[in-house]
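Participant: Sequence first, predicted model second:
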Amino acid sequence: MTTLTTTTVTHHHYVKAYVSSSGQSQVGVGPIRTVVEYLHSLAEESRGNNNNNSRVIIIGPCKLSPQAKNVIQQEARRGNVVEYFMEAELLFDITKHSLVPKHEILTPEQKKALLDKSVLCCWT
């Protein structure tokens, strides 16, 4: 069973979609085609708008099937942007990343030295 939830900003042909699939190892072509067809229907409704290209962001629980990737590539050739992200890719705390330096509050002397060394100025 696959559930599809969409949010649309109609004037800009921008669709955000969340695909939830229970117990499946891949998101198949069905939900992706549903989102793309919905996008095409929005474009048909506002045909007079100069913005013919559309953008879709899809968030799903697992990786895409090869057929679903082909649908996304076909849309790219039409000039539409379809991006797919797995939930796990988006759920992390950037401050806990190994390359983020430890943040410390400067003492007044360190602050003055830093400001003197750079071209920054302090208003407080």
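Facilitator: All right, it came through fine.
Participant: The biggest helix by length in the chain: which residues count as buried?
Facilitator: Criterion DSSP state H: the longest helix present in the chain is helix 29-45. Residues of helix 29-45 classed as buried by neighbour count (16 or more other CB atoms under 10 Å): 29-32, 35-36, 38-39, 42-43. (Each C-beta comes from the backbone N, C-alpha and C, glycine too.)
Participant: how far away is the residue lying farthest from the centre of the chain from Leu115?
Facilitator: Distance from the C-alpha centroid of the chain peaks at Glu109, with 42.4 Å (CA atoms, centre = their mean). Computed as CB to CB, to the nearest Å, the Glu109 to Leu115 distance reads 11 Å.
Participant: now swap in Glu104 and tell me
Facilitator: For Glu104, the distance to Leu115 (CB to CB) stands at 16 Å.
Participant: Could you check which of those two has the larger neighbour count?
Facilitator: Legend: neighbour count by other CB atoms under 10 Å for Glu104 and Leu115, higher for Leu115 (13 against 7).
Participant: Show the average pLDDT along the stretch of helix or strand that one belongs to.
Facilitator: Following DSSP states H and E, one finds Leu115 within helix 108-117. Mean pLDDT, helix 108-117: 87.
Participant: Repeat that for stretch 89-100.
Facilitator: Taken as a whole, stretch 89-100 carries a mean pLDDT of 81.
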